[in-house]
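J.: just the structure for this:
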Amino acid sequence: MANAIGTGVNVPDFRHVTHHSLFQVKLESNIFNAKKNITDMAKIKVEIEINATVDKVWDIVSDIDNEPKFWKGTKEVKNVSKEGNTVNREIIIAFRDQKCLQEVKIFPKEKIEARFTKGILNGKKTMTLTSKEGKTSLCALWDIKLTGVMSMFTGMIKKHIKSGTEQAMNSIKKEIER
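T.: Alright, predicted model coming up:
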């Protein structure tokens, strides 16, 4: 105990306690133990009509190794394994040059599902082709969220992903229709 200056009152004396002992203090407040549960996925849908047959659109869209040419958010693609219609790959995305693992399932002339299995993204991107009177409707559907601490920013990146998807779809259309 120590004497409080000028009061004559005895108070606990913490001057001899080293700062390292503060790391042993267990905080009981819920503020420090709270977890924000974000289950909302960013759902994004972009559709475009291309003046070409499904076969011609499929030739471009199914070349998944060429994805960075159209999708500026994908910087690099490296296939790890292939079994049947499933390709496991590693991609580098433009968002902070993050590495993600994907399982890509190819359903010929119908759709391509790219599921993010590891990395900063969780969820999937599905590309679907539908024939409409000699034209093809190409639809990109995202159902994703950021993982870990970054999950709180999922809503903020939704607009960015939608814009990037619109740009990619227009680039694909331009390539096919030229």
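J.: partner strands of the strand or helix carrying residue 43, with direction?
T.: Taking DSSP states H and E as the definition, residue 43 sits inside strand 42-50. Sheet pairing for strand 42-50, assigned by DSSP bridges, gives strand 135-146 (antiparallel).
J.: wait, a strand at residue 149?
T.: No. Secondary structure assignment places residue 149 outside any strand; it is helix (DSSP: H, G, I helix; E, B strand; the rest coil).
J.: could you list the low-confidence segments of the protein?
T.: Counting by pLDDT under 70, the chain has low-confidence residues at 1-39.
J.: find the centremost residue of it, please.
T.: By Cα atoms, centre = their mean, the mean C-alpha position of the chain lies nearest to residue 121, the distance being 2.9 Å.
J.: give me every residue that touches that one.
T.: Taking Cβ atoms under 8 Å, 6 or more residues apart in numbering as the contact definition, residue 121 lies against 93, 98, 100, 144, 145, 146, 147. C-beta here means a position set from N, CA and C on the backbone, and glycine is covered the same way.
J.: pull the longest helix from this structure.
T.: Looking across the chain with DSSP state H, the single longest helix is helix 154-177.
J.: got the buried residues for that one?
T.: If you call a residue buried by 16 or more other Cβ atoms under 10 Å, then helix 154-177 has these buried ones: 154, 157, 158, 161, 162, 164, 165, 168, 169, 172, 173, 176.
J.: and if you look at stretch 58-72?
T.: Residues 58, 60, 61, 64, 67, 70, 71 are the ones in stretch 58-72 that count as buried (16+ other Cβ under 10 Å).
J.: now stretch 101-119
T.: Within stretch 101-119, the residues that qualify as buried are 102, 103, 104, 106, 109, 111, 112, 113, 114, 115, 116, 119, counting by 16+ other Cβ under 10 Å.
J.: output it as PDB, restricted to C-alpha atoms.
T.: The C-alpha atoms that make up stretch 101-119 are tabulated as PDB, following Å, rounded to 0.1, in the frame of the first residue of the first chain:
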ATOM      1  CA  LEU A 101      -7.300 -22.200 -54.800                       C
ATOM      2  CA  GLN A 102     -10.200 -23.100 -57.100                       C
ATOM      3  CA  GLU A 103     -12.000 -26.200 -58.100                       C
ATOM      4  CA  VAL A 104     -13.400 -25.600 -61.600                       C
ATOM      5  CA  LYS A 105     -16.100 -28.000 -62.900                       C
ATOM      6  CA  ILE A 106     -16.800 -27.800 -66.600                       C
ATOM      7  CA  PHE A 107     -20.200 -28.800 -68.000                       C
ATOM      8  CA  PRO A 108     -19.600 -28.700 -71.800                       C
ATOM      9  CA  LYS A 109     -21.600 -26.000 -73.700                       C
ATOM     10  CA  GLU A 110     -23.700 -25.400 -70.600                       C
ATOM     11  CA  LYS A 111     -21.800 -23.900 -67.600                       C
ATOM     12  CA  ILE A 112     -18.500 -23.500 -65.700                       C
ATOM     13  CA  GLU A 113     -18.500 -23.500 -61.900                       C
ATOM     14  CA  ALA A 114     -15.400 -22.100 -60.200                       C
ATOM     15  CA  ARG A 115     -15.500 -22.800 -56.400                       C
ATOM     16  CA  PHE A 116     -13.000 -21.000 -54.300                       C
ATOM     17  CA  THR A 117     -11.600 -23.600 -51.900                       C
ATOM     18  CA  LYS A 118      -8.900 -21.700 -50.100                       C
ATOM     19  CA  GLY A 119      -7.700 -18.100 -49.900                       C
END
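J.: thanks a lot, catch you later.
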